[in-house]
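**Q** when you get a sec, could you give me coordinates for this:
(2 chains)
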There are 2 protein chains.
Amino acid sequence: MDFDNSTRTELSSLGEFGLINHLTQHIELKNTETVKGVGDDAAVLLLGIKQTVVTTDMLVEGVHFDLTYMPLKHLGYKSVVVNLSDVYAMNAQPKQILVSFALSSRFSLEAVEELYSGMLMACQKYGVDLVGGDTTSSTSGLVISITAIGVADPGTVVYRSGAKETNLLCVSGDLGGAYMGLQILEREKAVYKENPKVQPDLEGKDYILERQLKPEARKDIIDLFARLQIQPTAMIDISDGLASEILHICKNSNVGVELYEEKIPIDPLTYDTAREFGLDPTVCALSGGEDYELLFTIDLKDHEKVKNQLDFTVIGHITNESKGKLLVTKSGTVTELKAQGWDGLKP
Amino acid sequence: MDFDNSTRTELSSLGEFGLINHLTQHIELKNTETVKGVGDDAAVLLLGIKQTVVTTDMLVEGVHFDLTYMPLKHLGYKSVVVNLSDVYAMNAQPKQILVSFALSSRFSLEAVEELYSGMLMACQKYGVDLVGGDTTSSTSGLVISITAIGVADPGTVVYRSGAKETNLLCVSGDLGGAYMGLQILEREKAVYKENPKVQPDLEGKDYILERQLKPEARKDIIDLFARLQIQPTAMIDISDGLASEILHICKNSNVGVELYEEKIPIDPLTYDTAREFGLDPTVCALSGGEDYELLFTIDLKDHEKVKNQLDFTVIGHITNESKGKLLVTKSGTVTELKAQGWDGLKP
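**A** Coordinates of the predicted model:
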């Protein structure tokens, strides 16, 4: 999973502008909304009477990714997808991205090309134009910052704040897989450190490894909403784990929730791998994160429209704020729904 | 120039969402174009039939700033101004920014508040809404990434690519000051390292220190263009030094240039300080950078409109590409105009 270092071109031989030219020379703009892309002080967009949605994310080496097992192309792809996911979570269509990165001299041109090609692959797949960015040096690791811009017809944007009592709580796809993929990768990294001659044991784990290394954003779900004429009342993408995202919706909408453990969609491979690691599969889904599925609430009257969709699972319902945020376990016990805190900043 | 460490609140005691809430709780949206700011997966903007301009910049500790002499509030202010300057360089008005930062546990809440308050001060001054961002931990230093969004009436956006033969080359303000401010700060840092008891000798250097530590973006120039009904043919802001920016315009416009050394506006304090350091003031203006003045070209017929404006200086004219990029020195010698390369990535 590493890249070929046999041809190594030092970034300093190109300079900043040379590097930008080199990386962006083959970009073709796909959206009529993109008036001018890379190459000036700013990109120029013409967004008509649509609403514009804009979001940004920063990924830091050693915090969000580990280049030991994350190929640079995958990292580039994932860093774009993560941002697009935020645009879809607004029920909007992404149109443009801006990409910045800081990198140390340990990265060669070939390495940066790998990273960039993954980013462009994601742009291609999701029909997004890369319209700008910044490239700079770093004193230590790699930092990637991406801003995504999308559009939506006025009145169709979905916030976190619109969930109402009796609404159904739904999720797309299945959960916990990306987290279990990470556990596999961490385990094999530890084995490799002990004995570099041992081949990594990744057999049969393709699905969860892909969930971790090459996640997709749920554009198909947004398209499906349009086709089925469903206007979700609230929506968020699952980056920090189901529990944390549900609590975001509850807080922003001033509502309570009842979540049914038995309804949480978990792939058999995720389930079995969690067991293999001595982990509770439900906890992996609740707190694992990085699934990039969509969590949303809909009016009861829309139940008919979603109930036969294989990609949707109704996992609970919205209650009055006074009822609290509750998890109904498989055994019927009712406990308070809690999110694992963000402890990335703990010293 | 440092901040009070007597009350120190660990960031880990707030968590990511606590930190975001804490920092953004007092933000008031100023622009009717801002439908929804911080607090969802993305901000929502309604930009009507205007053209949208979007730009991004990344600042890395140890590369772009040195916290030894750069107070965090100033750093926050400058990091926003630098981005707005790119929007003005498109002849557009900035409306929103998104702010991301990665920071290590060495930063306390009080430190982040300082940084953020500087950012909000710039937002206040330039009438810009802070509408989103990302906050994450870092394994080493501080990284700031800012995206700015602006609007312009269709047909008024100015690119780097529109300069034509016989156009006048003009610049706002004066040049080289920020670079000389940096030299002063570097000198005093070196003195301090030798002997921490010596008070820094900054007397009489206010103007150039301010150019370095608290630069402004030239919103007034864009407003002046509108008032004087001047539509520049090409424009760029001066972040890397006059020479580099002139060459950008020439390259993008496929033109040559004649730049007159004697016309380059240099403040007396910049001039004297350069001499004091044994530097050529012209070289400081050509290669120093970080002036955030606007470099632009105008049609000859607009000469009447600019010639009595104190803030504008005509420094040369655009020629046919075949004539090359020339610097006419004070002694009348003609030499090739060259930009110092970007050597930040040199190992």
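**Q** run through the helices of the stretch 101-250 of chain A in chain order.
**A** Listed in chain order, the helices of the stretch 101-250 of chain A (DSSP state H, counting those that start in this stretch) span residues A:109-126, A:177-194, A:206-213, A:219-228, A:242-253.
**Q** give me the number of residues near residue A:151?
**A** Counted with other Cβ atoms under 10 Å in any protein chain shown, residues neighbouring residue A:151 total 23. For every residue, glycine as well, the C-beta is placed using N, CA and C.
**Q** got the contact list for it?
**A** A:33, A:47, A:50-53, A:92-93, A:95 (Cβ atoms under 8 Å, 6 or more residues apart in numbering or on different chains).
**Q** near chain B, from the residues you listed?
**A** When the contacts of residue A:151 are checked against chain B using Cβ under 8 Å from any Cβ of the partner chain, the ones in range are A:47, A:51-53, A:92.
**Q** residues of the stretch 151-300 of chain A that sit close to chain B?
**A** On the criterion Cβ under 8 Å from any Cβ, chain B has as its neighbours in the stretch 151-300 of chain A the residues A:152, A:154, A:157, A:159-161, A:235-237, A:252.
**Q** deepest of the helices of the stretch 101-250 of chain A, which one?
**A** A comparison of the helices of the stretch 101-250 of chain A by mean neighbour count, using mean count of other Cβ atoms under 10 Å in any protein chain shown, puts helix A:242-253 on top with a mean of 22.
**Q** pLDDT on that helix, on average?
**A** The average of the pLDDT scores along helix A:242-253 is 95.
**Q** next structured bit after it?
**A** Remark: after helix A:242-253, the chain's next helix or strand is strand A:255-260, criterion DSSP states H and E.
**Q** mind listing what that following strand pairs with, with the direction of each?
**A** Here strand A:255-260 is paired, per DSSP bridges, with strand A:312-320 (antiparallel), strand A:325-328 (parallel).
**Q** lowest pLDDT pick from the contacts of residue A:151?
**A** Within the contacts of residue A:151, lowest confidence goes to residue A:47 (76).
**Q** what's it sitting at in phi/psi?
**A** According to degrees, to the nearest 10, the main-chain angles of residue A:47 amount to phi -110, psi 10.
**Q** what residue in the stretch 101-250 of chain A comes nearest to chain B?
**A** Using Cβ to the nearest Cβ, residue A:145 is the residue of the stretch 101-250 of chain A that sits closest to chain B, at 3.6 Å.
**Q** for the closest residue to that residue other than its chain neighbours, grab the count of nearby residues.
**A** Closest residue to residue A:145 apart from its sequence neighbours, by Cβ to Cβ, 6 or more residues apart in numbering or on different chains: residue B:145 at 3.6 Å. Applying the criterion other Cβ under 10 Å, we find 33 residues in the vicinity of residue B:145.
**Q** so residue B:145 sits right up against residue B:58, yeah?
**A** Yes: applying Cβ atoms under 8 Å, one finds residue B:145 in contact with residue B:58, separated by 4.6 Å.
**Q** mutual contacts of these two, please.
**A** The contact sets of residue B:145 and residue B:58 overlap at A:100, A:134, A:143, A:145 (Cβ under 8 Å, 6+ apart).
**Q** and residue A:15, what pLDDT?
**A** pLDDT, residue A:15: 72.
**Q** how near is residue A:75 to residue B:210?
**A** Residue A:75 sits 40 Å away from residue B:210 when distances are taken as Cβ to Cβ, to the nearest Å.
**Q** could you do residue A:300 as well?
**A** To residue B:210, residue A:300 is 61 Å away according to Cβ to Cβ.
**Q** repeat for residue A:255
**A** Using Cβ to Cβ, we find residue A:255 at a distance of 50 Å from residue B:210.
**Q** with residue A:211 instead?
**A** Noted for residue A:211: a distance of 51 Å to residue B:210, by Cβ to Cβ.
**Q** coming back round to it: I'd like to know which of the ones next to chain B among the contacts of residue A:151 is nearest to residue B:43.
**A** residue A:53 (7.1 Å; Cβ to Cβ).
**Q** surely residue A:74 meets residue A:213?
**A** Yes: with contacts defined as Cβ under 8 Å, residue A:74 counts as touching residue A:213 at a distance of 4.8 Å.
**Q** one step back: can you flag which of the shared contacts of residue B:145 and residue B:58 belong to strands?
**A** Per DSSP state E, strands hold the following members of those: A:100, A:134, A:143, A:145.
**Q** residue A:41: which of those residues is nearest?
**A** Top of the list for closeness to residue A:41, among those and by Cβ to Cβ, is residue A:134 at 11.3 Å.
**Q** which one is that closest one nearest to, not counting chain neighbours?
**A** On the basis of Cβ to Cβ, 6+ apart, the spatially nearest residue to residue A:134 that is not a chain neighbour turns out to be residue A:100, at 4.1 Å.
**Q** same question, residue A:269
**A** Once its chain neighbours are removed from consideration, residue A:269 has its nearest residue in residue A:207; the separation is 5.2 Å (Cβ to Cβ, 6+ apart).
**Q** which residues of the stretch 1-150 of chain A score low on pLDDT?
**A** Counting by pLDDT under 70, the ranges of the stretch 1-150 of chain A that qualify are A:1-6.
**Q** mind redoing it with 50?
**A** Counting by pLDDT under 50, the ranges of the stretch 1-150 of chain A that qualify are A:1-5.
**Q** the shared contacts of residue B:145 and residue B:58: which two are farthest apart?
**A** Pairwise distances among those were taken by Cβ to Cβ; the largest, 11.0 Å, belongs to A:134 and A:143.
**Q** which one of these two has more residues nearby?
**A** A count of neighbours by other Cβ under 10 Å puts residue A:143 above the other of residue A:134 and residue A:143, at 29 against 22.
**Q** pull the contacting residues for the more buried one.
**A** In this structure, residue A:143 makes contact with A:58-61, A:101-103, B:58, B:60, B:102, B:138, B:143, B:145, judged by Cβ under 8 Å, 6+ apart.
**Q** same question for residue A:117.
**A** Residue A:117 makes contact with A:73, A:76, according to Cβ under 8 Å, 6+ apart.
**Q** check residue A:54 too.
**A** For residue A:54, the contacting residues are A:147-150, B:42-43, B:45, B:54, B:96, B:98, B:131-132, B:147, B:149, taking Cβ under 8 Å, 6+ apart as the criterion.
**Q** does residue A:30 belong to a helix or a strand, and which?
**A** Using DSSP H and E, residue A:30 sits within no helix or strand.
**Q** quick check: it vs chain B, distance?
**A** If you measure residue A:30 against chain B using Cβ to the nearest Cβ, to the nearest Å, the figure is 17 Å.
**Q** count the neighbours of that residue for me.
**A** Residues near residue A:30, counting by other Cβ under 10 Å, number 16.
**Q** and it, its phi and psi?
**A** Dihedral angles of residue A:30 (phi, psi; degrees, to the nearest 10) stand at phi -110, psi -20.
**Q** was I right about it contacting residue A:130?
**A** No: using Cβ under 8 Å, residue A:30 makes no contact with residue A:130, being 10.0 Å away.
**Q** residue A:282 in helix, strand or coil?
**A** On the three-state scheme (DSSP: H, G, I helix; E, B strand; the rest coil), residue A:282 is labelled helix.
**Q** before we move on, back to that, tell me if I'm right that the residue nearest to residue A:134 and residue B:146 touch.
**A** No: in this structure, residue A:100 sits apart from residue B:146 without contact. The criterion is Cβ under 8 Å, and the distance is 9.4 Å.
**Q** quick check: neighbours shared by those two?
**A** Where contact means Cβ under 8 Å, 6+ apart, the residues bridging residue A:100 and residue B:146 through contact with each are B:56-57.
**Q** between the two, tell me which one has more neighbours.
**A** Between residue A:100 and residue B:146, counted using other Cβ under 10 Å, residue B:146 has the larger neighbour count: 31 against 25.
**Q** leaving out chain neighbours, which residue sits closest to that one?
**A** Skipping the residues right next to it in sequence, residue B:146 comes nearest to residue B:83 by Cβ to Cβ, 6+ apart, at 4.6 Å.
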